[in-house]
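Asks: Have a look; sequence and predicted model below, questions after that.
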Amino acid sequence: MRSDPAPVEILAPDTLRIERILDAPPATVWRYLAEAELRRRWFAGGTDAAAGGEVGLVFDHENLSANDVPYPEKYAKYKGASARERVVEFDPPRVLAIGWDGGKEGVARFELSDAPGGRTRLVLTHSGISGPAPMANFGGGWHSHLAVLEGLLNGEPVRDFWALHASSEAKVAAALAESSTS
C-alpha cells in the first residue's frame, strides 16, 4: 500500500477526484463496488447495485480497521445507519455512479480501467457536493475507504480507519482552504 497518497484533488468548489491503482483486475474491483457483501468490507453493505435501480447502504465501520478501534464519538450515532441511493450509471465492469443523499450531495462516480500488471486504475469523482464541510467529510471518507479497499486487495490492511479518516479529513479541509484563497 502506498504510504500516503494524495487524499484528493479538488476540481471545483463542489467536486473532488481520487485516483488509485489497485492490485486486482477490473472485474474483481467491480465486484467490491457492486456486491454488498464485498462492499461492506471496505465501505458499506446493504444491497447489490443494479442498473436502473437503487442500492441500499448500511454503514457499520466496526470491521474496517485491522486493530480493535472504537467508533469516535462524532460518528457513533451513524453506526448502522442506512440509506437508499439511486444508481445513475451502471456499466459493468467499468462505471458505477450513485446519487448521494437523495441527490442533495451530488453523484459519486467510480470509473475502472486496466492498469499494467493486471491491476486496476480506479478514478472516483464526486460532484455536486453542497459545501466546504461536506467536501472535507466526503474527501476524508472516500480517501480512507479507498485505503481500506486497497489494503484488502494487496494484503496490507489499514490498522486504524478512524485515525486515517481524521487525518484525511483535516488534509482535505486544508486543501479546500488553500484552494479558496488562490
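Replies: Right, received. Where do you want to start? Numbers count the residues shown, from 1 in each chain.
Asks: pLDDT (mean, whole number) over the longest strand that the chain contains?
Replies: Of all segments of type strand in the chain, defined using DSSP state E, the longest is strand 81-91. The pLDDT scores in strand 81-91 average 96.
Asks: next one: stretch 12-32
Replies: pLDDT averaged over stretch 12-32 gives 97.
Asks: Just the CA coordinates for stretch 173-182, please, in CSV.
Replies: Presented in CSV, the C-alpha positions along stretch 173-182 are these (Å, rounded to 0.1, in the frame of the first residue of the first chain):
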residue,chain,number,x,y,z
ALA,A,173,-10.1,20.8,4.7
ALA,A,174,-6.6,22.4,4.5
ALA,A,175,-6.6,21.8,0.7
LEU,A,176,-10.0,23.4,0.4
ALA,A,177,-8.9,26.4,2.5
GLU,A,178,-5.8,26.8,0.3
SER,A,179,-7.8,26.5,-3.0
SER,A,180,-10.3,29.1,-1.8
THR,A,181,-7.6,31.7,-1.2
SER,A,182,-5.8,31.1,-4.6
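Asks: buried set for it?
Replies: 173, 175-176 (16 or more other Cβ atoms under 10 Å). Yep, even glycine has a C-beta here, placed from its N, CA and C like the rest.
Asks: Mind checking which of those land in helices?
Replies: Judged by DSSP state H, helices contain the following of these: 173, 175-176.
Asks: contacts for the strand or helix carrying Ala108?
Replies: Assigned by DSSP states H and E, Ala108 belongs to strand 107-115. Residues from elsewhere that reach strand 107-115 (Cβ atoms under 8 Å, 6 or more residues apart in numbering): 21-22, 25-26, 29-30, 33, 88-89, 93-100, 120-128, 142.
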